[in-house]
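1. Build me a model:
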Amino acid sequence: MSFLRALIYSGAGFARTPPDKRGVLLSNAIALILFSLSLVATFFYFIWYGGNIITYLIPVIGALALVVIILNRGGYINFSRLWISLLSPVVVMALSIYSKWVYYEEQEELDYFTFRIVVLGCCVIPWMLFSFREKTLLTIAALGGFAVLMAHDPLHSLFGVPYAQDRLKLMNYHFTNVVIVITYFIMTASLGFLKWLSEKNEEKNEELIVDLNQVNLQLLERNVEIEAQNAEIHAQSESLQVNQERLIDANRLIEEQRGRLFNKNQELESELIRKNKDLMETNTELVKHNNELRQFSYTVSHNLRGPVASLLGLLKFIKPDNIPSDVAEVFAHIKSSTLRLDEIIRELSKIIDIRQDIFQIRQKINLSAELNHIYKTLEKEITAHGVQLKIDVEPCPVLYSVKPMVHSILYNLISNAIKYRSPDRTPMVELSCSEEPRYFVIRVRDNGLGIDLNAHRENMFKLYRRFHHHTEGKGLGLYLVKLQCEALGGTIDVQSELNKFTEFTVRLRKPENVKRQMLLDEPYAKIFFDATVNSTGVIWRGPISSEQYRAVFSKALEFLQVYNTPNWMSDVVHQGPIAPEDQVWMFQNIIPEASRNGLRRIAFIRPDARDERVITYIQNIQTQVEQFNISFQPFPTMEEAFEWMMQENEKATLYS
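-> Numbering: from 1, shown residues only. Here you go, the predicted model:
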């Protein structure tokens, strides 16, 4: 019985609903029944007709029904039911035709009824296996069986074994088709109605079961809650007694501590007064130091600018051809050092004004170029002390930040590494750069004197703090580096071991959008800086007044004077007409000054840049601009202008 049960339940696990499972079980059972009946039919057929090919075909055909069990076991539960539904009438019909084709001359009237009755019985199978939810499968199987039933006589005629009136005695044979059809519809309609009622009741039962399960689940949850509450109440009653005893002890302890706390408050009050006094003195000193530092920076950047500019002017009057060869190299060093000093003063001026919004712009910084500038500045010390530099910026050759501040951070860390070198070994300074998801990371490591972090960690980045007194210094370098890192949204950490190494790790916050850094955002226009192509740009949002036009370009010129950006993009799609006097103002005041501050390219964006009238207008602008050695190109889209500037920047890099 267990084997038979296993056969009947083959493939039941693949059914997703109870009706599907019932169909699978029925298909397996019908397959076994058909196979068993085929064996019984073979037995009786052998007794009546003896051994012939028909006798041996019957069990073979019955064995085909067992394919259903194999298909169900493989998970093909829909195909298996179609197989048994369509296989039964088709095989019976085929056997009927074949038997008549073999024994046509010896046929009997019964041969034309027995097989048809079996086909009629097979037509019931789909209505047992498929539910009304499976309309497509039920329709295919039912129509297939009905088609085979109605094609009985046409198929026999097609294969040359029709019912012969002259040979057989039944006169109204064809009337049997009417009887067969009526019988078919009585059977299928009754079975279908019964199945419909059964499925409706089954659906109601399922709903009731779901509701009952929900009620049982709620009751179970409530029982669990009640049990938990009872347990909690019991535990609370026990703990309440314990807590009461503890409360008595706690009240006694509180009274004792209250007296101690009063005495401690008196002590703390005196200490707080003293600490507040110290804090006020420290704040006053810090404000004084900040003011002195700002005044110092202002003095250096402004008072030195004039003499340095004069020195540069005097150097221009000296012709290299008139300088003796033994002095030429010295003169070249004087000139390069003066130019570098002028650049440092300009960058120092930017640091002074770092609180202004214009200096929150992040530039594209080539680390190799910055390190090359620092090397030239420190070349004398590097050569004199045999310092070995190991630079690795390939993982992060470019970063986006405030250029003067990054330069100052790198300069201070490298110069400190050289200044506090160890006399016992060849000085080595290692600098590397990498990227994290939110930060650019710069590491500077040396093999110098090192720092005792256990003693000095808290004072590492404080003002006027020094840890080695055998060299000159004011204790400002690391303090400035920390301030600059924090101003850039970053941090600085230190790892060191005395007389072995010191490593500083600087993390600078990555800007969120380097392509659209806003300098001005008004309803009529916005000015942006694109660090990827080192370009300032303006996008006009509609017709503008003369005041708005001049205000936008004045603001853009301020930025250009600070950062010397070589590129400019102007999207004038919605600009509207510009008064002639404003155009004259632009060419007389803005363009010449922009050219003196490094502007070399202008991209003009208008979608109708190929229109003849627009071409004439653009050519007039181009004629005026090119007088100042500025390239001018019109483009229909911002993307094309961007590509052009990328190419021009690459050319400028190659030729520099």
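2. quick one, strands of the stretch 501-650 of the chain?
-> Secondary structure of the stretch 501-650 of the chain (DSSP state E, counting those that start in this stretch): strands located at 501-509, 517-521, 525-530, 535-540, 567-571, 601-605, 631-635.
3. could you dump those strands to TSV with distance to Thr383?
-> Where C-beta positions appear, they are placed from N, C-alpha and C, glycine not excepted. Below are the strands of the stretch 501-650 of the chain laid out as TSV (distance: least, Cβ to Cβ, whole Å):
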stretch	distance to Thr383
strand 501-509	22
strand 517-521	40
strand 525-530	38
strand 535-540	39
strand 567-571	38
strand 601-605	39
strand 631-635	41
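4. tell me the phi and psi of Asn205?
-> Backbone torsions of Asn205, given as degrees, to the nearest 10, read phi -60, psi -40.
5. That one: neighbouring residues, count only.
-> By the criterion of other Cβ atoms under 10 Å, Asn205 has 11 neighbours.
6. I'd like the secondary structure assignment at Leu25, please.
-> State at Leu25, reduced to three classes by DSSP: H, G, I helix; E, B strand; the rest coil: helix.
7. Grab the nearest non-local neighbour of it.
-> The shortest distance from Leu25 to any non-neighbouring residue, by Cβ to Cβ, 6 or more residues apart in numbering, is to Ile8 (5.8 Å).
8. related to what we said a few turns ago, between the strands of the stretch 501-650 of the chain, which gets nearest to Lys319?
-> For Lys319, the closest of those is strand 631-635, at 31.6 Å, according to Cβ to Cβ.
9. Centre of the chain to that closest one, how far?
-> Relative to its chain's centre, strand 631-635 lies at 37 Å (Cα atoms, centre = their mean, to the nearest Å).
10. Which one, of the strands of the stretch 501-650 of the chain, ends up nearest to Glu370?
-> Closest approach to Glu370 among these (Cβ to Cβ): strand 501-509, 12.9 Å.
11. buried set for that closest one?
-> The neighbour-count check on strand 501-509 (16 or more other Cβ atoms under 10 Å) flags Phe501, Thr502, Glu503, Phe504, Val506, Arg507, Leu508, Arg509 as buried.
12. Return the distance of that strand from the chain's centre.
-> Distance of strand 501-509 from the chain centroid (Cα atoms, centre = their mean) equals 29 Å.
13. Within the sheet, what are the partner strands of that strand, with directions?
-> Applying DSSP bridges, strand 501-509 is found paired with strand 439-446 (antiparallel), strand 491-497 (antiparallel).
14. which other residues reach that strand?
-> 399, 401, 406, 409, 413, 417, 420, 436, 438-451, 481, 485, 488-496 (Cβ atoms under 8 Å, 6 or more residues apart in numbering).
15. ok, 7 Å please
-> 399, 401, 409, 413, 438-448, 450-451, 485, 488-496 (Cβ atoms under 7 Å, 6 or more residues apart in numbering).
16. out of those residues, which are buried?
-> Buried by 16+ other Cβ under 10 Å: 399, 401, 409, 413, 439-448, 450-451, 485, 488, 490, 492, 496, out of those.
17. who's in contact with the residue sitting nearest the centre point of the chain?
-> Centroid-nearest residue in the chain: Pro437, 12.6 Å away (criterion: Cα atoms, centre = their mean). Neighbour list for Pro437: empty [criterion: Cβ under 7 Å, 6+ apart].
18. Over to Val387?
-> Applying Cβ under 7 Å, 6+ apart to Val387 gives the contacts Ile418, Pro427, Val429.
19. Give me the residues contacting the helix or strand where the first one lies.
-> Assignment of secondary structure by DSSP states H and E places Ile418 within helix 403-419. Identification of contacts with helix 403-419 by Cβ under 7 Å, 6+ apart yields 347, 350-351, 363, 365, 370-371, 374, 378, 381-382, 385, 387, 427, 429, 444, 446, 448, 471, 477, 480-481, 484-485, 487-488, 504, 506.
20. among the residues you listed, which ones are buried?
-> Among these, those classed as buried by 16+ other Cβ under 10 Å are 347, 350-351, 363, 365, 370-371, 374, 378, 382, 387, 427, 429, 444, 446, 448, 477, 480-481, 484-485, 488, 504, 506.
21. Low-confidence regions, the stretch 101-250 of the chain specifically.
-> By pLDDT under 70, the low-scoring segments of the stretch 101-250 of the chain are 103-111, 163-174.
22. Let's see the pLDDT reported for the nearest residue to Val444 once chain neighbours are set aside.
-> Of all residues not flanking Val444 in the chain, Leu413 sits nearest, at 4.3 Å (Cβ to Cβ, 6+ apart). Looking at Leu413, its pLDDT is 92.
23. likewise the one 3 residues further on?
-> Asn416 is assigned a pLDDT of 87 by the prediction.
24. After the least confident helix or strand in the chain by mean pLDDT, which helix or strand is next?
-> Using mean pLDDT, DSSP states H and E, helix 325-352 stands out as the lowest-scoring helix or strand of the chain, at a mean of 68. Of the helices and strands lying after helix 325-352 in sequence (DSSP H and E), the nearest is strand 363-366.
25. Phe79 - nearest residue in space that isn't next to it in sequence?
-> In space, and not counting its chain neighbours, Phe79 is closest to Leu71: 5.8 Å by Cβ to Cβ, 6+ apart.
26. Who is the nearest residue to Gln575 once chain neighbours are set aside paired with across the strands?
-> Closest residue to Gln575 apart from its sequence neighbours, by Cβ to Cβ, 6+ apart: Trp540 at 3.9 Å. Counting by DSSP bridges, Trp540 is bridged to Ala525.
27. does Trp540 really touch Ala525, like I thought?
-> Yes - the criterion here is Cβ atoms under 7 Å, and Trp540 meets it with Ala525 at 5.1 Å.
28. Quickly list what's touching both of the two.
-> With contacts defined as Cβ under 7 Å, 6+ apart, no residue is shared by Trp540 and Ala525.
29. How about Ile451, nearest residue that isn't a chain neighbour?
-> Ranked by Cβ to Cβ, 6+ apart and with sequence neighbours excluded, the top spatial neighbour of Ile451 is Ser496, at 4.3 Å.
30. mind listing what the one you found touches?
-> Listed by Cβ under 7 Å, 6+ apart, the contact set of Ser496 reads Gly450, Ile451, Leu453, Thr502, Glu503.
31. Quick check: the second one is in a strand.
-> No - when three-state DSSP is applied, Ile451 is found to be coil, with no strand at that position.
32. Quick check, pLDDT for it.
-> So, for Ile451, pLDDT stands at 84.
33. Next: the last one.
-> At Glu503 the predicted local confidence, pLDDT, stands at 94.
34. tell me which residues form a beta bridge with it?
-> Listed by DSSP bridges, the beta-bridge partners for Glu503 are Arg445, Gln495.
35. Tell me how far it lies from Arg596.
-> For Glu503, the distance to Arg596 (Cβ to Cβ, to the nearest Å) stands at 44 Å.
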